[in-house]
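> The sequence and its predicted three-dimensional model are supplied below.
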Amino acid sequence: MDRGPEDNPSRWPGYFENRLSGGYCRLMRVLSRYWEDGYLDYWRQAGQCRIKVRVWKTLAPLRDMYPARRKDWRVVSRYLREMGPKQTLRKVVSRLRERPRDCKYLACGVGEVLECDKGSRFQRGQPVVFLAPRHPKCVERLSLRESFVRPSERKGIIDGLCLDDILFVETGRDEWVPSEWLDFAGWSEFSGSGVDTRKAQTVLRQIEEDLIGLDASGAVRLSLQGSSPVLETDAKPCRSNVAGLKAVLFGYGSYPKSVIMPNLPKNISLTKVHEIDPCQIGPVDSFPFSSDSSAFPRPSEKFDVYLIAGFHHTHSPIAVHAVRNGAFAVVEKPVVTTFEQLEDLLEAMDQAPGRLFSGFHKRYSRLNKLAIEDLNVVPGEPISYHCIVHEVKLPAFHWYRWPNSRSRIVSNGCHWLDHFLFLNDFVPVRNYDVWQASNGDIFATAELSNGASFSMALTDHGSSRIGVQEHVELRAKDTTVCIGNRSHYFAENSRRVIRRCKVHKMEGHRNMYRAIWRSIATGIPGDSRESVERSCRLVLGLEEKLKLRRSESAVAMGSAGLKSRS
């Protein structure tokens, strides 16, 4: 379990020191790099209890939530060559700041109920035992689904504890943790995975018995120095001297910090950030904007621009809210994850057209203009599209693997499917198909009404030296255009090489945001209903067909197993 100082911050000097953030009031404390305050409380959803922690015990670190990144200057040098110094610096700083977020644990403990739903089986002030599936090393308060909370019948567990202390116990390297406890490791309220409530309650009974005999000799008392108010948002007032449009950002991950925020123009002021993980936000007092741990807009919020880059299944509901309230929605991929979301979004777009901007950066690459010129086609003429895409292999608990995130067709493949339709002027789709190989590779095909064909191979096998890699070929008449990794361009026909060139890998992103901000400022409408509908329906249609093929394959394998046993 212990592999070095980075995985054992308790070895650092001052790890258990109380560190005040220096803000206008003390907020929730979190044990990450230090035992420090300044963090927002977790957003409490319907069906959840907010719990004041009295005893906290870590059970196991979660190693497989985020891609492991080596501290290697060769990796940085490769990014320098690919991205340039400015983008590399932004990426490095963003990743370093995510270290507290990356340290997550399966934990358990004892606490007292602070808040719960009306009609809940719990009452305020009631002692409870809890299981925390993916949390920091210790927190002052947390919000959990009631399935992971059980009334404590042994009040003696917290007898003698000072109200201003948390008894913190770290499970030793050789200490055994039951496998049924570990089954809940990494679960998230946002994942879309169900919870076996009966099994969870059985585990909680076992946890309570375990905590009764807790050896406090090796425990640490984390001082709270008085209670702090429960705050899911710091409600920081907007700067009164800011002119122009007010924006809100949903999702505070590496991409928003290193790509979206640096490309905001002066006439759009970021006034609030929504991020569900308080550790991803960090101590909030130093930010020039307000922060909120809710995944969705608050009823009282009013903004001009909604920048949407959170969990994939939250994109469309937030965009619908923005459009219906007369705001602009800038939505990162994927735009929707289900057909139901698509219908809601199209209805909102009908009510307020021109307010949605999809974040498909491939539409804005300078290479598109070169390709159309070299292929010698006019809008609507067929451009066949064939690509091989290598993705970074995802850890076991990564959120891209959640049921709510759907397959890699939705989570990443939508980029190339949309680009294919964009180059063909979004003509109707004639047919499509998809299948998955036994090694997990996905192969998708499509044909448009103008005769253009599409094929895509998605794989995570092979080299991850520079992250995601792609090879795209565009074909029309007797001309072929090859684009490698969004930057290397080569065009040839049957007679000669037409053109070679290279552009910056991130040029499409910069062009996209500049074009979107220009459109918002000058009143140019955003995405058309037709483009959103046809792009999303193709992606979702392939997703549903892939789901059906997987189900058929599972049934076939089960039948083969029965025959072999008989």
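Received it, and whenever you're ready, just let me know what you need. In this text, all values refer to a predicted model and were calculated from it rather than measured experimentally.
> Check whether Ser32 really touches Cys103, as I assumed.
Yes: in this structure Ser32 lies within contact range of Cys103 using Cβ atoms under 8 Å: 6.2 Å. For the C-beta atoms, the positions are set from N, CA and C on the backbone; glycine is no exception.
> distance of Glu347 from Val532?
Distance of Glu347 to Val532, computed by Cβ to Cβ, to the nearest Å: 12 Å.
> So Ile260 versus Ala521, what's the distance?
From Ile260 across to Ala521, the span is 17 Å (Cβ to Cβ).
> between those two, which one's more packed in?
Ile260 (22 against 13; other Cβ atoms under 10 Å).
> Next up, the contacts around the more buried one.
Leu249, Leu307, Ala309, Tyr513 (Cβ atoms under 8 Å, 6 or more residues apart in numbering).
> Domains of the chain: list them as residue ranges, please.
The domain map for the chain lists 9-65+104-223, 68-100, 245-359, 362-509+519-553, with the assignment taken from automatic domain parsing.
> pLDDT on the longest one, on average?
Taken as a whole, domain 362-509+519-553 carries a mean pLDDT of 95.
> still on that earlier bit, neighbour count winner among Glu347 and Val532?
Neighbours were tallied for Glu347 and for Val532 using other Cβ under 10 Å; the higher tally belongs to Val532 (22 against 12).
> What about Ile281, how many residues nearby?
With other Cβ under 10 Å as criterion, Ile281 counts 22.
> quick one, phi psi at it?
Here is the backbone geometry of Ile281 (degrees, to the nearest 10): phi -70, psi -50.
> still on that earlier bit, which of the domains of the chain is buried the deepest?
Neighbour counts (mean count of other Cβ atoms under 10 Å) averaged over each of the domains of the chain peak at domain 245-359, with a mean of 20.
> can you give me the end-to-end distance of that one?
One end of domain 245-359 to the other measures 19 Å (Cα to Cα, to the nearest Å).
> Check the offset of that domain from the chain's centre.
Centroid displacement of domain 245-359 relative to its chain, using Cα atoms, centre = their mean, to the nearest Å, is 13 Å.
> now do stretch 46-66
19 Å.
> export that stretch as PDB, just CAs?
Only the C-alpha atoms of stretch 46-66 are listed here, as PDB (Å, rounded to 0.1, in the frame of the first residue of the first chain):
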ATOM      1  CA  ALA A  46     -31.900  14.000  -3.000                       C
ATOM      2  CA  GLY A  47     -31.600  10.600  -1.100                       C
ATOM      3  CA  GLN A  48     -28.300  11.500   0.500                       C
ATOM      4  CA  CYS A  49     -27.300  12.300   4.100                       C
ATOM      5  CA  ARG A  50     -24.800  14.900   5.100                       C
ATOM      6  CA  ILE A  51     -22.600  13.500   7.900                       C
ATOM      7  CA  LYS A  52     -20.300  15.200  10.400                       C
ATOM      8  CA  VAL A  53     -17.300  12.900  10.700                       C
ATOM      9  CA  ARG A  54     -16.200  11.800  14.200                       C
ATOM     10  CA  VAL A  55     -14.100   8.700  13.400                       C
ATOM     11  CA  TRP A  56     -12.500   8.100  10.000                       C
ATOM     12  CA  LYS A  57     -10.600   5.000   8.900                       C
ATOM     13  CA  THR A  58      -9.000   4.500   5.500                       C
ATOM     14  CA  LEU A  59      -9.400   1.000   4.100                       C
ATOM     15  CA  ALA A  60      -7.600   1.000   0.800                       C
ATOM     16  CA  PRO A  61      -6.100   3.600  -1.700                       C
ATOM     17  CA  LEU A  62      -7.800   3.800  -5.100                       C
ATOM     18  CA  ARG A  63      -4.900   3.400  -7.600                       C
ATOM     19  CA  ASP A  64      -7.000   3.100 -10.800                       C
ATOM     20  CA  MET A  65      -9.000   6.300 -11.000                       C
ATOM     21  CA  TYR A  66      -6.800   8.500 -13.100                       C
END
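> Pretty sure Leu27 sits against Glu232.
No: counting by Cβ under 8 Å, Leu27 does not reach Glu232; the two are 10.4 Å apart.
> rewinding a little: which of the contacts of Ile260 fall in helices?
Using DSSP state H, Tyr513 are the members of those that sit in helices.
> Format the contacts of Ile260 as TSV; extra columns: pLDDT.
Below are these laid out as TSV (pLDDT from 0 to 100):
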residue	pLDDT
Leu249	98
Leu307	98
Ala309	97
Tyr513	97
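> of the contacts of Ile260, closest to Val330?
Val330 lies nearest to Leu307 out of the contacts of Ile260, by Cβ to Cβ, at 5.2 Å.
> wait, the closest one sits on Val248?
Yes: contact between Leu307 and Val248 holds when scored by Cβ under 8 Å: they sit 6.9 Å apart.
> Helix, strand, or coil at Leu211?
Look at Leu211: counting by DSSP: H, G, I helix; E, B strand; the rest coil, its state is helix.
> Spit out the contact partners of it.
Val55, Lys57, Cys108, Gly109, Val110, Val129, Ile157.
> same thing with Gln48?
Listed by Cβ under 8 Å, 6+ apart, the contact partners of Gln48 are Cys116, Asp117, Ser143, Leu144, Arg145, Glu146, Glu189.
> hey, what's it bridged with?
Counting by DSSP bridges, Gln48 is bridged to Arg145.
> per-residue confidence for it?
Reported pLDDT for Gln48: 97.
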